[in-house]
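Chemist: sequence first, then the predicted structure:
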Amino acid sequence: MSKKLFAEFFGTFWLVFGGCGSAVLAAAFPQLGIGFVGVSLAFGLTVVTMAYAVGHISGGHFNPAVTLGLLAGGRISAKTVLPYIVAQLAGGIAAAAVLYCVASGKAGFDVTASGFAANGYAEHSPGGFSLQAAIVIELVLTAFFLLVIHGATDKRAPAGFAPLAIGLALTLIHLISIPVTNTSVNPARSLAVALFQGTWALQQLWLFLLVPVIGAVIGGLVYRYLLEQKQ
C-alpha cells in the first residue's frame, strides 16, 4: 500500500504542478503563445506521462473524484479510498507550494490577484459563466471522464492504450471548460491552488469539491450498470 500511496502522491503532484504551472508560469505571458490550448495539453500530458510511469503501481487515479468514481464502478475496494484521497490531496498541496515558490520569484507577483489558476464561477469564471453553467459543465465532464476511464481500462479494451485515451480525454475536457470554470474535474487540483489564492477561490471551492465527485459517481454507475459486460 505504501508504494501505491507514493505513486498517487507523485502522480497528483505532477498533474497540479504541470497543469496549473503551465497556466501560472506560461499562459500568463501572451508572447509565449501557449494559451488555453497549451494549458489543456499540459494537463493531458501530465496524466499520460504519470499513468505510464506509475499507473501500474496504483492504478493512476491522481484525483479523488476518479477514486470515488472507480469505487462506484466496482473497480476498487472501499478500504483504499481514504488513503488514496489523502495521498492525492497531499500531492496536490505540495505541488501548489512548489509552484508558489517558483512564481514568487518574479518581481511583482501577487498570488491573490493572479488567481493562481484557481477554479471559479460568475465573476471569477474566465468567460463570465454563471453558477448554473459551472455546475452543469463540471458534472457532465467528470461523468464522461469516468466513462472514458472505465472503458479504456476495461479488459475488452486494447491493452496499453488507456493512458493515451485518458490523457486525451482530459485535454478535451480542458479545451471545453477552461472558459467556464478554469476546469476542475479534480478536487485535489482545486483545493491545492485555492489554499494559496486564499480569498474568492476558497469561497467558491465547495462547488469544485462536491460537483466533480457527484459527476464521477454517476459516470462510474452508468458504466457499471449500462455498459460493462457481465460475466
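Modeler: Now that the structure is in, tell me what you want to look at. Numbering: from 1, shown residues only.

Chemist: grab the most central residue of the chain for me.
Modeler: N186 (3.6 Å; CA atoms, centre = their mean).

Chemist: how close does T112 get to Y100?
Modeler: For T112, the distance to Y100 equals 11 Å [CB to CB, to the nearest Å]. In short, each C-beta sits where N, CA and C put it, glycine included.

Chemist: which of the two has more residues huddled nearby?
Modeler: Y100 (17 against 13; other CB atoms under 10 Å).

Chemist: circling back: was I right about the residue nearest to the centre of the chain contacting V213?
Modeler: No: counting by CB atoms under 8 Å, V213 is not a contact partner of N186; they are 10.1 Å apart.

Chemist: show me what contacts V47?
Modeler: L15, G60, F62, P163, I166, G167, L170 (CB atoms under 8 Å, 6 or more residues apart in numbering).

Chemist: compare those residues and tell me which has the most neighbours.
Modeler: Neighbour max across these (other CB under 10 Å) = F62, 34 neighbours.

Chemist: can I get the helix or strand in which L15 is found in PDB, CA atoms only?
Modeler: For L15, the host element (DSSP states H and E) is helix 2-21. Extracted C-alpha coordinates of helix 2-21, given in PDB (Å, rounded to 0.1, in the frame of the first residue of the first chain):
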ATOM      1  CA  SER A   2       2.800   2.500   0.800                       C
ATOM      2  CA  LYS A   3       4.100   2.200  -2.800                       C
ATOM      3  CA  LYS A   4       0.600   2.800  -4.100                       C
ATOM      4  CA  LEU A   5       0.200   5.900  -1.900                       C
ATOM      5  CA  PHE A   6       3.600   7.300  -3.000                       C
ATOM      6  CA  ALA A   7       2.500   6.700  -6.600                       C
ATOM      7  CA  GLU A   8      -0.700   8.700  -6.100                       C
ATOM      8  CA  PHE A   9       1.200  11.400  -4.300                       C
ATOM      9  CA  PHE A  10       3.700  11.900  -7.100                       C
ATOM     10  CA  GLY A  11       1.100  11.500  -9.800                       C
ATOM     11  CA  THR A  12      -1.100  14.200  -8.300                       C
ATOM     12  CA  PHE A  13       1.900  16.400  -7.700                       C
ATOM     13  CA  TRP A  14       2.900  16.200 -11.400                       C
ATOM     14  CA  LEU A  15      -0.700  16.900 -12.500                       C
ATOM     15  CA  VAL A  16      -1.100  20.000 -10.400                       C
ATOM     16  CA  PHE A  17       2.500  21.300 -11.000                       C
ATOM     17  CA  GLY A  18       2.400  20.600 -14.700                       C
ATOM     18  CA  GLY A  19      -1.200  21.700 -15.400                       C
ATOM     19  CA  CYS A  20      -1.500  24.600 -13.100                       C
ATOM     20  CA  GLY A  21       2.100  25.500 -13.600                       C
END
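
Chemist: how far away from the center of its chain is that helix?
Modeler: Between the centre of helix 2-21 and the centre of its chain there are 11 Å (CA atoms, centre = their mean, to the nearest Å).

Chemist: which element follows it toward the C-terminus?
Modeler: Reading on from helix 2-21 to the C-terminus, the next helix or strand found by DSSP H and E is helix 35-58.
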